[in-house]
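[1] With the input below, show me the fold.
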Amino acid sequence: MLNEELIGKAVKVHLQNKSFLHGALYSIDPENDNVILFILDKDTSKVLTRLIMGHTIVSITNDDEENMDIDAIKVWLQEHVEDQHEPLSLEATRTALQEYLSSHCIDSSIDSNDHIVLFGGAATIAPPYNANSISSQNDIVIQRLTTLLKSWRK
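    So this is what the prediction gives:
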């Protein structure tokens, strides 16, 4: 299990091929330890996103701020991210989404993993509660929920 305390910080990811990457740790997949890094491209001043497969990672260590300007990444992301809404806590987001779904006559409940459970368990929406976090075996349900979530908060 990788260290989730480093999320949002400058890190150095050591790989099995003896190479390493510097970046801002955005996310760690708890099931397969895949990692998403934000890397500031100093030539273009853009933030690049890198997905590193969990099986290639040896370790992740805290990195000094000299190799990665976290503040520059945050500024770039704020300027370029599509969703410019005020950030909400996960609990506030979940509550707002449940109210939105209820306004569309969709009953929901919360499971022990903080997933929103819909249609008697036929679908779930995991944190961060967006269109990419819908899970269902039914393609029609996924399509309908995706449409609803994309129109939510617009």
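[2] Name the next helix or strand following the worst-scoring helix or strand of the chain on mean pLDDT along the chain.
    The least trusted helix or strand in the chain, going by mean pLDDT, DSSP states H and E, turns out to be helix 70-80, with a mean of 66. Where DSSP states H and E defines the elements, the next helix or strand beyond helix 70-80 is helix 90-103.
[3] Give me every residue in contact with the helix or strand following that next one, excluding its own residues.
    Using DSSP H and E, the helix or strand that directly follows helix 90-103 along the chain is strand 108-110. By CB atoms under 8 Å, 6 or more residues apart in numbering, the surrounding residues in contact with strand 108-110 are Arg94, Gln98, Leu101, Ser102, Ile116, Val117, Leu118. Any C-beta I mention is one placed from the backbone N, CA and C, and that applies to glycine too.
[4] try stretch 137-151
    Taking contacts as CB under 8 Å, 6+ apart, the residues outside stretch 137-151 that touch it are 97, 100-101, 104, 106, 118-119, 122-123, 125, 129-131, 134, 136.
[5] Okay, buried residues for it please.
    Val141, Arg144, Leu145, Leu148, Leu149 (16 or more other CB atoms under 10 Å).
[6] Regarding the first one, what are the backbone dihedral angles?
    For Val141, the backbone dihedrals (degrees, to the nearest 10) come out as phi -60, psi -50.
[7] can you check the last one too?
    Comment: the main-chain dihedrals of Leu149 come out as phi -70, psi -30, following degrees, to the nearest 10.
[8] any idea how far it is from Thr124?
    Taking CB to CB, to the nearest Å as the measure, Leu149 falls 13 Å from Thr124.
[9] for this structure, longest strand please?
    Using DSSP state E, we find that the single longest strand of the chain is strand 20-28.
[10] Now do it, average pLDDT.
    Here strand 20-28 scores 84 as its mean pLDDT.
[11] Strand partners (parallel or antiparallel) of that strand?
    Taking DSSP bridges as the criterion, strand 20-28 forms sheet pairs with strand 10-15 (antiparallel), strand 35-41 (antiparallel).
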